[in-house]
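K.L.:
The following block contains a protein sequence and its predicted model.
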Amino acid sequence: MHNTQRNIALLVLLVLFYIPSTFALAAQEKVWRIASSKEIVNGGDSIKNLRAIVEARGIKLIVDYFPWKRAKSVALKPGYLGFYPAWKIEVTDKFVESDIIDWSYISVMKNSDKEVKFESIDQLFKNHRVGLVGTYEYPQDITDAMLKYPHNVDKAINEITLLKKLAKGRTNIALTDPVIMLHLAEQEGISNIKEVKKVVKTALVIALTNSVENQKRIKQLHAMLKQSK
């Protein structure tokens with residue numbers, strides 16, 4: 001009888017231990033956390049699109065906003081699904097890319113007081129001082145031009161600094177996402193910024209942290225994105 005009572009007590013303890021652990025795991029599966037840029041409040045339409053996709057499947061999306069360089073490093077910490085929105089070129093070997101969630105453009109932006117003429121990216125860098133965000137990984141044709149004409153490359157630490165340089169005429173043109181720059185210009189009360197031409201259309205993906213704890217969520221996300229098409 002004594003052994004039976006002891007076995008029952010052990011069984012109760014195991015059940016009490018197992019149930020909270022199970023609920024904790026289930027709760028974790030229902031909440032996904034990503035890192036993103038704080039340049040646009042609420043992450044813009046791309047975050048809204050992602051949130052709609054995952055929340056339709058009963059998963060709450062939590063977005064933590066940081067400067068872009070820090071967002072990439074924070075995304076490697078336990079508990080994070082990854083960082084978003086990312087250009088495919090930004091998905092390094094510590095991450096895997098999701099299917100395409102949205103699209104963005106890189107445009108030539110200018111100070112409206114300046115005259116800008118060009119026929120190619122190469123010519124743009126050859127004849128003008130070009131502002132860029134130093135923490136971004138740009139597509140190959142832009143990167144090649146940056147290497148070819150380093151004296152005409154002006155890197156800013158973030159989007160808001162790039163905007164202010166352009167507005168004050170410290171650089172004549174900039175290469176960035178026009179939605180972000182024009183949104184920030186409106187927020188800052190800056191009215192002398194103009195989009196000249198879209199030069200690159202690029203896919204937006206989640207850079208998914210390639211960790212053991214993320215494998216199940218990565219598979220779930222891939223299935224969600226296929227179903228949402």
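P.N.:
Now that the structure is in, tell me what you want to look at.

K.L.:
Direction included, what does the longest strand seen in the chain pair against?
P.N.:
Using DSSP state E to define each element, the chain has its longest strand at strand 193-209. Counting by DSSP bridges, the strands paired with strand 193-209 are strand 80-87 (antiparallel), strand 95-97 (antiparallel), strand 102-111 (antiparallel).

K.L.:
Now the first one: buried residues?
P.N.:
Going back to what we said before, that points to strand 80-87. For strand 80-87, a neighbour-count test (16 or more other C-beta atoms under 10 Å) marks Y80, L81, G82, F83, Y84, P85, A86, W87 as buried. All C-beta spots, glycine's among them, are computed from the backbone N, C-alpha and C.

K.L.:
Export the strands paired with strand 193-209 as JSON lines, with columns for mean pLDDT and distance to N127.
P.N.:
Shown next, in JSON lines, are the strands paired with strand 193-209 (pLDDT from 0 to 100; distance: least, C-beta to C-beta, whole Å):
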{"stretch": "strand 80-87", "mean pLDDT": "94", "distance to N127": "26"}
{"stretch": "strand 95-97", "mean pLDDT": "95", "distance to N127": "35"}
{"stretch": "strand 102-111", "mean pLDDT": "94", "distance to N127": "12"}
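
K.L.:
Switch these over to a markdown table; also include distance to A156.
P.N.:
Below are the strands paired with strand 193-209 laid out as a markdown table (distance: least, C-beta to C-beta, whole Å):
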| stretch | distance to A156 |
| --- | --- |
| strand 80-87 | 17 |
| strand 95-97 | 24 |
| strand 102-111 | 12 |
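
K.L.:
circling back: hmm, which two among the buried residues of strand 80-87 are most spread apart?
P.N.:
Y80 and W87 (18.6 Å; C-beta to C-beta).

K.L.:
the bottom helix or strand of this protein by mean pLDDT?
P.N.:
One helix or strand of the chain scores below all others by mean pLDDT, DSSP states H and E: helix 2-29, with a mean of 46.

K.L.:
Okay, angle between whatever helix or strand comes next after that one and strand 80-87 too, please.
P.N.:
The helix or strand immediately downstream of helix 2-29 is strand 31-37, counting by DSSP states H and E. Here strand 31-37 runs at an angle of 40 degrees relative to strand 80-87 (axes from the mean of the first three to the mean of the last three C-alpha atoms, to 10 degrees).
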